[in-house]
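Colleague: Model the structure of this input:
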Amino acid sequence: MLKAFAIKGVALVTWLAATWTLGAEWMVPAIAAIATATIGFLVWAIVSPRSRFFVPVVSRLSTADPIVALTFDDGPDPVVTPQILEVLAAHRARATFFVLGERAARHPELIQRIHREGHSVGTHTQHHLLRFHFGSPTYVQREIEAAISVVAGILRTSPTLFRPPQGLRTPCFASGWSRTPGLTCVTWSVRGLDSRPTTAEAIVARVSRGLRPGAIVTLHDGTGLLGGTDRAATVAALASLLSECQRRGLRCVSLGDAGVGVRG
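Modeller: As a prediction, this is how the structure comes out:
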């Protein structure tokens, strides 16, 4: 939150300096230019998966080894998640599942299966609500810690990986995040954009463009805020993506296998 105020302060000082230097007739253009630049920077800082301005993130694996990390958000889903696990097992691939606490509580057997089959389990808030991006630090902290508590109760170990809904890191989120030490915030380098209505072919095309060593790929095995409810395209695309990884000599690993979020 302090960084957001700092940006506004810098913008104000810049405006005053520009007005003093250029004269009153430039006041309106200067205000417009500075406001546009400030808003543009804030949007980038919140939305860009690479931005570390508000919160440190891992957006790709820090390795040149031929490995990639497939990740799945918004589950577990009693229909889709088992299908995803079966496809992964058939290709001897591992992945990471960022699960919602409330859904993990309803389907603990799926969390246990994900873990048992060698995949990493991270969290994705308790409820995946729009309010999370604008809530008080206490609310953000509660949403994060509630999901961790659910998963820890199922697996007897606390997850250390976290992905914010839509990958957004707002100033409000940053304030709450600072109260939850020991977690690693993970974004992505490639998105399948499969949370909205799409086709398997489109998913494969989007992801294939970014499949290279160190890529972190975001897909969905559940339904999130304002997203579509049909994950058939994701399931259909997964086998093709895994085959493409094999063709390129890329091995699919979990984030835990890659050392992300592993406590020393």
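
Colleague: Which residue comes closest to residue 224 once chain neighbours are left out?
Modeller: residue 74 (4.3 Å; CB to CB, 6 or more residues apart in numbering). Where you see a C-beta, it was placed from the backbone N, CA and C, and this is true even at glycine.

Colleague: Make sure I have this right: that neighbour is in a strand.
Modeller: Yes. Assignment of residue 74 by DSSP: H, G, I helix; E, B strand; the rest coil places it within a strand.

Colleague: Would you agree it is in contact with residue 219?
Modeller: No. Here residue 74 does not reach residue 219: they are 9.8 Å apart, not a contact under CB atoms under 8 Å.

Colleague: hmm, back to that, distance of the residue nearest to residue 224 relative to residue 117?
Modeller: Per CB to CB, to the nearest Å, residue 74 is found 19 Å from residue 117.

Colleague: Next: residue 138.
Modeller: Applying CB to CB to residue 138 and residue 117 gives a distance of 36 Å.

Colleague: go on, residue 167?
Modeller: Look at residue 167 and residue 117: by CB to CB, they are 26 Å apart.

Colleague: Make sure I have this right: residue 121 is in a strand.
Modeller: Yes. Residue 121: assigned to a strand according to three-state DSSP.

Colleague: Which parts of stretch 197-205 count as buried, going by neighbours?
Modeller: Using 16 or more other CB atoms under 10 Å as the burial criterion, the residues of stretch 197-205 that qualify are 198, 200, 203, 204.

Colleague: what's the most distant pair in those residues?
Modeller: Greatest spatial distance in those: 198 and 204, 10.4 Å, computed using CB to CB.

Colleague: okay, now the closest residue in space to residue 219 that isn't next to it in sequence: neighbour count?
Modeller: In this structure, residue 219 finds its nearest non-sequential neighbour in residue 192, 4.7 Å apart by CB to CB, 6+ apart. The number of residues packed near residue 192 is 26, by other CB atoms under 10 Å.

Colleague: quick one, phi psi at residue 258?
Modeller: When read as degrees, to the nearest 10, the backbone of residue 258 gives phi -80, psi 0.

Colleague: Next one: it relative to residue 186, how far apart?
Modeller: Following CB to CB, the distance that separates residue 258 from residue 186 is 11 Å.

Colleague: swap in residue 72?
Modeller: Distance from residue 72 to residue 186, by CB to CB: 12 Å.

Colleague: Spit out the residues that contact the two alike.
Modeller: Common contacts of residue 72 and residue 186 (CB atoms under 8 Å, 6 or more residues apart in numbering): 96, 98.

Colleague: Among these two, which residue is more densely surrounded?
Modeller: Using other CB under 10 Å, the more surrounded residue of residue 72 and residue 186 is residue 72, with 32 against 26.
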